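[1] Give me coordinates for this.
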Amino acid sequence: MFYKDKYRKDGLMSRCIECRREGNRESAHKFYHSNRERVLIIKKEWYVKERARLLIYNRERNKSHPRTLTEGQALMAAHATNKRRYGMTKEQYIELYNKQSGVCAICGKPESTIGKKGTSPVRLSVDHSHVTGKIRGLLCKKCNLGIGYLKDDPNVLLSARNYLLSNS
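    As a prediction, the model looks like this:
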């Protein structure tokens, strides 16, 4: 660690680092929590001082080590996100996708928003009730954002519909 010397001069982290080296995590944990405010203040001061250097380092590191996912990795990450957020397995997503014939449940069109790489469209979004957590269907990004901005409120949606009909 390149900030070790500052902590050693202060005397704050010397015990903690030694405890970690010895593998005594419990002692290090107690030390941190008994000196938490001091540790956080010193860490904050160090970060403010080193922020510019860290930003440059991270920018260069990202250029030399780009993080690119293959299409398969991106699909696996998306399925893991669906599982974590909605409790939806890969098979359930595929079943719902096939049930909707691969199109949005609202507009009836396939997803048209292009992903970050600019090569293929993003996947259909999982739409769910924020009150009950129940999955309602798969939506394209535009429809999903639309009902999100309308706060999932049917009355607001009807008002928007009436507004569009009266001003067409």
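[2] okay, CA-based contacts and neighbour counts for the rest of this
    Fine.
[3] where does the chain dip in pLDDT?
    1-27, 67-71, 117-120 (pLDDT under 70).
[4] So which residues of the chain form helices?
    Counting by DSSP state H, the chain has helices at residues 4-10, 14-22, 25-34, 36-64, 71-86, 90-99, 141-149, 154-166.
[5] Quick one: closest of these to residue 107.
    The minimum distance between residue 107 and the helices of the chain falls on helix 141-149, with 7.4 Å, by C-alpha to C-alpha.
[6] From residue 113, how far off is the residue nearest the centre of the chain?
    Geometric centre of the chain, nearest residue: residue 81, 8.9 Å, by C-alpha atoms, centre = their mean. Look at residue 81 and residue 113: by C-alpha to C-alpha, to the nearest Å, they are 19 Å apart.
[7] same question, residue 142
    For residue 142, the distance to residue 113 - C-alpha to C-alpha - is 8 Å.
[8] Over to residue 31?
    51 Å.
[9] again, but for residue 60
    Distance, residue 60 to residue 113, by C-alpha to C-alpha: 30 Å.
[10] For those two, work out which one has more neighbours and name it.
    A count of neighbours by other C-alpha atoms under 10 Å puts residue 113 above the other of residue 60 and residue 113, at 15 against 12.
[11] and this structure, what are its domains?
    4-64, 89-166 (automatic domain parsing).
[12] what's the closest of the ones you listed to residue 75?
    Short answer: domain 89-166, nearest of the domains of the chain by C-alpha to C-alpha, at 8.9 Å.
[13] thinking in terms of the whole chain, how far from its middle is that closest one?
    19 Å (C-alpha atoms, centre = their mean, to the nearest Å).
[14] Any idea how far apart the tips of that domain sit?
    43 Å.
[15] again with stretch 88-105
    Stretch 88-105 has an end-to-end distance of 17 Å (C-alpha to C-alpha).
[16] in that stretch, what counts as buried?
    88, 93, 97, 102, 103, 104, 105 (16 or more other C-alpha atoms under 10 Å).
[17] If we ignore the residues flanking it in sequence, what's nearest the third one?
    Which is residue 97. Nearest residue to residue 97, sequence neighbours excluded (C-alpha to C-alpha, 6 or more residues apart in numbering): residue 138, at 7.1 Å.
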